[in-house]
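1. structure, please.
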Amino acid sequence: MTALVRGANAPLRAARVTVTHTCAAPADLSALLVGRDLRVRSDDDLVFYNAPVGPGVRWSQEALEIDLAALPSDVHAVLVALSLGDGAPFSTVSAPTVLVDGHTFVMAGLGDETALVALELYRRAGEWKVRAVGQGYASGLAALLADHGVDVEDPGPQPPAPRILPDPPTPPLGHQLPPQPAPHTQPGGQGQHGAVGPQGAGAVPFVDRVWMVWEDASRSLDSYRGSLEHALGVRDQEVTGNAPRGRAQQLMDAGMERLTADMAQLAGELAAHEGVVGAEVSPFSAPSWLTWQPSDRVGEGLLLGHLDADEVSTLRVPLILRVPFGRPVWIDRGSGPGDAAAFAWSLVTRFLAAVPPGAVALDVIDPTGLSGAGWLNALPEPSRDYLCGGGVAVGPEVGNRLDKLLNLVDLRAVGGEEQMFLEGAPPVRLVVVFDVGAALEEHGDKLIRLAKEGPPLALPVICVETDTPTDESVRAMRIKMSGSTLPPSGGTLSDPWVGGSWTLTPDLLPDGSFDRPPALLTHVLNAHARVFG
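-> The predicted structure is shown next:
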């Protein structure tokens, strides 16, 4: 069995799959056959105890049997819903579990929800995949069904026993961030994600909210793009006289109206947090950077930049990487000289701002010595030794530095003492590898191992592709596929839910030249250096 976490997805290997569940209280399964807009085509697309057979789906008291090959071509996904039979919230029972095709999803952390979308079985590039959803509705199954287009009146009393429906990647290649789990969501009178205000009751952390907003925006945009494709098909029928004139335009206008409303609501959720979040998740132009002081707590995440889509003008989604990050980060080459380095130093500044002084040190590796990081060597002692690992590792020193870091990985993996670094050195070591192409040519095996094994052991790794291009070398791909790959200047990212395309505009330090210490980075470094005297 493969365990899925909320937001994760996995391929479905069989053409026929069975969905089952376990729950400590009587609970019901049902299925919704939906289009790209996540709405049913008609009420006949609800399969449950009173309508146990639908196109490609059969309900029984024990399970849902789904024949993926038999699903109509305009069915984009099958949503599997779970609801408690007595209308009690899921917080009153232990975490329910759903199982499908060798995958399990334990829905922990549920609260007032009485019904939820447990799984989404969806088409992706001609294949079928399953996504762990676990999004709940406090107002019950009727609200869940209505939200997906089912005409719900009074559902009436539940049938007697036996109960019927018993109780978010292989991501696409390209720039990609793995899905980052967020708390369950539920609709209500306070926006899609509970209380909108940052201090409101039930408010979720800002980083969680940002990822939830991006997911909702991605799904809404995917729905719009699907409806636009359908409208263009209707226009072709209008040209041939097989559809009444004007219908295609009506469909396009309705799709844009829904998209605009969705984006305005999501923009409002983000606007409620402006000016009240930490510097590390704020733009460098925000007032929070003017008043930044080190904290004794680790920040929520690091702002990378903002995401835009061609069809959306009212919403810019902050892209935030959680800290500590347990995967390597790879920054691709930019369209201009210094783009990747600028992105890297901006990320370093935010990381140092998010971690208490004395808890983190910086190891900079530059095989060719051409990245312009040599100014670190001019830092006064002991800051250079304790805070920057003795200075920038260049040429032959690269191998020695990688050996020391890998020795630290080995010791931490077995819970050993750390003696190879100076006594009292910080426990977290942020490793930044400039000109990673050159580093891979000389020290490929060491760097690959450090990138994969270091981050979970408090050695986060940032690989920066500057001078030596890696193209699509096997070694580079091994690191990229194990972590997050970022474009440094106006490149595109695929969202981890529906694979939609977004344009990333990095938020960079205001200093344009990085052959000398940027002013804001110097300020943050000085705050850390004071710990060492």
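
2. which residue ranges form the strands in the stretch 401-533 of the chain?
-> With DSSP state E, counting those that start in this stretch as the criterion, the stretch 401-533 of the chain has strands at 428-433, 461-464, 484-486, 492-494, 501-506.

3. now these in a markdown table, with mean pLDDT and distance to W330?
-> Every residue, glycine included, has its C-beta placed from N, CA and C. Output for the strands of the stretch 401-533 of the chain, formatted as a markdown table (pLDDT from 0 to 100; distance: least, Cβ to Cβ, whole Å):
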| stretch | mean pLDDT | distance to W330 |
| --- | --- | --- |
| strand 428-433 | 95 | 10 |
| strand 461-464 | 96 | 5 |
| strand 484-486 | 91 | 5 |
| strand 492-494 | 89 | 13 |
| strand 501-506 | 92 | 14 |
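
4. low-confidence ranges in the stretch 151-300 of the chain?
-> 153-204 (pLDDT under 70).

5. re earlier: what's the closest of the strands of the stretch 401-533 of the chain to V414?
-> Nearest to V414 among the strands of the stretch 401-533 of the chain is strand 428-433 (17.7 Å), distances taken as Cβ to Cβ.

6. what strands flank the closest one, and is each parallel or antiparallel?
-> Strand 428-433 has the following strand partners under DSSP bridges: strand 360-365 (parallel), strand 461-464 (parallel).

7. looking at those strands, which is buried most?
-> Burial of the strands paired with strand 428-433 is given as mean neighbour count (mean count of other Cβ atoms under 10 Å); strand 461-464 ranks first at a mean of 27.

8. quick one: that strand to chain centroid distance?
-> Here the centre of strand 461-464 is set off from its chain's centre by 19 Å, with Cα atoms, centre = their mean, to the nearest Å.

9. just to revisit the earlier point, can you list the strands of the stretch 401-533 of the chain in TSV and add distance to R131?
-> Formatted as TSV, the strands of the stretch 401-533 of the chain follow (distance: least, Cβ to Cβ, whole Å):
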stretch	distance to R131
strand 428-433	33
strand 461-464	29
strand 484-486	19
strand 492-494	15
strand 501-506	18
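
10. point out the most buried one among those strands.
-> Sorting the strands of the stretch 401-533 of the chain by mean neighbours (by mean count of other Cβ under 10 Å), the first place falls to strand 461-464, with a mean of 27.

11. just the residues contacting it, thanks.
-> Here strand 461-464 makes contact (Cβ atoms under 8 Å, 6 or more residues apart in numbering) with 328-331, 340-341, 343-344, 347-348, 371, 430-436, 447, 450-451, 454-455, 479.

12. list buried residues within these.
-> By neighbour count, with 16 or more other Cβ atoms under 10 Å, the contacts of strand 461-464 hold 328-331, 340-341, 343-344, 347-348, 371, 430-436, 447, 450-451, 454-455, 479 as buried.

13. quick one: contacts for R530?
-> P357.

14. tell me where the chain has helices.
-> All helices of the chain, identified by DSSP state H, fall at 141-147, 206-239, 247-271, 287-290, 339-354, 397-413, 436-453, 474-481, 519-529.

15. of all those helices, which one comes closest to L319?
-> helix 206-239 (7.6 Å).

16. where's the nearest residue to P518 once chain neighbours are set aside relative to D262, distance?
-> Leaving out its chain neighbours, the residue that sits closest to P518 by Cβ to Cβ, 6 or more residues apart in numbering is D511, at 3.8 Å. From D511 across to D262, the span is 38 Å (Cβ to Cβ, to the nearest Å).

17. before we move on, what about W345?
-> Separation of W345 from D262 (Cβ to Cβ): 36 Å.

18. the more surrounded of the two?
-> The neighbour count for W345 versus D262, taken as other Cβ atoms under 10 Å, is higher for W345 (25 against 21).
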